[in-house]
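[1] Fold the following and give me the result.
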Amino acid sequence: MSGAFDIPQLDGTPMRWDYFMLEAARGSMRVPDWVLLALPCVVAERFGITPDAVTDDDVKRFAAALPEDPRPTLRAMLRGAELALPDPATAALQLHADAVRGHRRAPVGFPDLAHDAALLVQRDYSEASFYAAFDAGTREDWDARYAVAAIMYLMAARSLT
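    As a prediction, the model looks like this:
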């Protein structure tokens, strides 16, 4: 589950997708920071600049140019964990919001977390939802589903480079 979906970090050492998912599922307090740090790295890759040179305008251009359909990337990300892409027309969220909020909580299942994040991305895939995922996934009472969804947005957009 690594390689194409490794998450770039500012120090140049990519974080494995499966490691990120396990840490998000267990509620690691580092997850929101990792999400925030991945954003300028992926934006920098897209525009051929260094992460420290990324501006708000670069992030806006990046968000405005998300791929039309995230499903190929989501499918590939979940396939690496031997999970199927949930159908937004029939699937329900598996985790209650209280079960995934903050870092002082019980761990949740990796499959349920991946399922819910992919479902959230598919249900309202848009530039506004990209920003909403980053907001909900990085604030003090962060939601693990949205932290994972934010990374899924980045990986879908990264597939364009």
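[2] Only C-alpha atoms from now on, for both contacts and neighbour counts.
    OK.
[3] Could you identify the longest helix within the chain?
    For the chain, the longest helix by residue count, based on DSSP state H, is helix 31-47.
[4] elements contacting the next helix or strand after it?
    Per DSSP states H and E, the first helix or strand lying C-terminal to helix 31-47 is helix 56-64. Applying 3 or more CA pairs under 8 Å, 6 or more residues apart in numbering; DSSP states H and E, one finds that helix 56-64 contacts helix 31-47, helix 127-138.
[5] Counting by contacts, list what the longest helix of the chain packs against.
    Judged by 3+ CA pairs under 8 Å, 6+ apart, helix 31-47 is in contact with helix 17-26, helix 56-64, helix 127-138, helix 144-158.
[6] thinking in terms of the whole chain, how far from its middle is the longest one?
    In other words, helix 144-158. The chain centre lies 2 Å from the centre of helix 144-158; the measure is CA atoms, centre = their mean, to the nearest Å.
[7] same check, this time on the second one
    Its chain's C-alpha centre and that of helix 56-64 lie 17 Å apart, by CA atoms, centre = their mean.
[8] Can you redo the helices and strands packed on helix 56-64 as a markdown table, where the extra columns are mean pLDDT?
    Formatted as a markdown table, the helices and strands packed on helix 56-64 follow (pLDDT from 0 to 100):
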| stretch | mean pLDDT |
| --- | --- |
| helix 31-47 | 95 |
| helix 127-138 | 96 |
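[9] Could you point out which of those helices sits nearest R104?
    The closest of the helices and strands packed on helix 56-64 to R104 is helix 31-47. By CA to CA, the value is 12.7 Å.
[10] and that closest one with helix 17-26, angle?
    Counting by axes from the mean of the first three to the mean of the last three CA atoms, to 10 degrees, helix 31-47 lies at 150 degrees to helix 17-26.
[11] low-scoring stretches of this structure, by residue?
    Low-confidence segments of the chain (pLDDT under 70): 1-3, 160-161.
[12] helix/strand/coil for L95?
    coil (DSSP: H, G, I helix; E, B strand; the rest coil).
[13] how about it, what does it touch?
    By CA atoms under 8 Å, 6 or more residues apart in numbering, the contact set of L95 is D112, L113, D116.
[14] Quick check: phi and psi at it.
    Backbone torsions for L95, taken as degrees, to the nearest 10, come to phi -110, psi 140.
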